[in-house]
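> sharing a model prediction with you, sequence too.
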Amino acid sequence: MQVSDFEYYLPEKLIAQHPTDKRDASRLLVLHRKNDTVEDKHFYDVVDYLNAGDCLVMNNSKVIPARLFGVKKNTGAKIEFLLIKRKAGDIWETLVKPGKKLHPGDSVLFQGEHGEELEAEVLSYGEDGTRMVQFHYSGDFLALLDEIGTIPLPPYIDRKSEAEDKERYQTVYCQEEGSVAAPTAGLHFTKELLEKARKKGVQIAYVTLHVGIGTFRPVKCDVVEEHRMHFEEYHIDEENARLINDTKKNGGRIVSVGTTSTRTLESAAQENGLVKAGHGNTDIFIYPGYQFQVIDCLITNFHLPKSTLLMLISALYDKDKMMKIYEDAVKKEYRFFSYGDAMFIE
């Protein structure tokens, strides 16, 4: 299967640079797989397509303010960090810019507006040009990061992080800190919309998968099957595993909110189609031909051309038909990517 099969034309003007005024005011394309039809709705209509006994499964990972701007000690050169993953204690795998200026043994100082300080010591080179760095500080690391760091917006959002992003680039149900990118399908939900779903008899379960930088990295090979995913950590606790499994046993649908929830559920799947509680690392790569074990429906955003996310949703439906839906969505001027509109594949 060729990566080029997942290419489509997207005018730059359709790449959403800001969220809608209200979370649930974004548009919603509803795809009915049984009869190959679509409806154009708004996200606040999504509850109309959920049934009593269904289970919404949502990734409750929280985005950390992972982008840091500082100066190299001794030279004063400006340095940018993007924290990718905590490896152990205060040691992080980090993307650095400009990379050629930072070597093992170098230190970088980061300061907040009110005198907060973080110091990073470069320990070694990591994979793909990253650096392994150790932070030195006084107090609570995440509290300092909240004061000094900024939200790491995706590269296709062509602006600096603003005050509204601290709230809008998080889901209303985020809990577990650790992602460098938001599980964006969940950005459309409001607390009121979730309560409306509960009153209809829809169960809501939470899983955790910390989104890494691999979500933005392009597929560099020409053949889909040759691509290798980066490992990401996930967790499903006993209570939420029970909610999901009871829904399956009772004949309800598992409605996955986002590709990260989908990858978590499918990674935790057992042979009987139920999920196993616990921690794990997954590099699962879902593309056409994959047989889904757990999920029945998917709520998701519109994804980048030739991306693993577009491959995943094409595995849930016919690839050629999905590409046609994307072409039509462009004609209808849906908004694309993280702050864009949504699709419900049922």
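Thanks, I have it.
> packing partners for the longest strand along the chain?
Using DSSP state E, we find that the single longest strand of the chain is strand 78-88. Strand 78-88 sits against strand 67-72, strand 91-97, strand 107-111, with contacts defined as 3 or more C-beta pairs under 8 Å, 6 or more residues apart in numbering; DSSP states H and E. Heads up, the C-betas are built off the backbone N, CA and C, glycines and all.
> out of those strands, which is closest to Asp222?
Asp222 lies closest to strand 91-97 among these, at 25.4 Å (C-beta to C-beta).
> which elements pack onto that closest one?
Judged by 3+ C-beta pairs under 8 Å, 6+ apart, the packing partners of strand 91-97 are strand 78-88, strand 131-136.
> again, 10 Å this time
For strand 91-97, the elements it packs on are strand 67-72, strand 78-88, strand 117-125, strand 131-136, judged by 3 or more C-beta pairs under 10 Å, 6 or more residues apart in numbering; DSSP states H and E.
> for the ones you listed, give me JSON lines that also has mean neighbour count, distance to Gly214 and mean pLDDT.
Listed next are the helices and strands packed on strand 91-97 as JSON lines, based on neighbours: other C-beta atoms under 10 Å; distance: least, C-beta to C-beta, whole Å; pLDDT from 0 to 100:
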{"stretch": "strand 67-72", "mean neighbour count": "18", "distance to Gly214": "17", "mean pLDDT": "96"}
{"stretch": "strand 78-88", "mean neighbour count": "18", "distance to Gly214": "9", "mean pLDDT": "92"}
{"stretch": "strand 117-125", "mean neighbour count": "18", "distance to Gly214": "18", "mean pLDDT": "96"}
{"stretch": "strand 131-136", "mean neighbour count": "20", "distance to Gly214": "17", "mean pLDDT": "96"}
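> of all these, which lies closest to Pro155?
Here strand 78-88 is closest among the helices and strands packed on strand 91-97 (C-beta to C-beta), at 10.4 Å.
> could you identify the helix or strand that succeeds the host helix or strand of Val255?
Val255 belongs to strand 254-257 when assigned by DSSP states H and E. Counting by DSSP H and E, the next helix or strand C-terminal to strand 254-257 is helix 259-267.
> tell me the mean pLDDT for that next one?
Mean per-residue pLDDT for helix 259-267: 97.
> that one: how far from the chain's middle?
Taking C-alpha atoms, centre = their mean, to the nearest Å, one finds helix 259-267 lying 11 Å from the centre of the chain it belongs to.
> show me what it is packed against.
Contacts defined by 3+ C-beta pairs under 10 Å, 6+ apart place helix 259-267 against strand 55-59, strand 61-63, strand 203-209, strand 232-236, strand 254-257, strand 278-282, strand 297-301, helix 308-316.
> got the angle between it and strand 203-209?
Relative orientation of helix 259-267 versus strand 203-209 (axes from the mean of the first three to the mean of the last three C-alpha atoms, to 10 degrees): 90 degrees.
> ok, which of the helices and strands packed on strand 91-97 comes nearest Glu7?
Glu7 lies closest to strand 78-88 among those, at 27.3 Å (C-beta to C-beta).
> fine, thanks again, bye for now.
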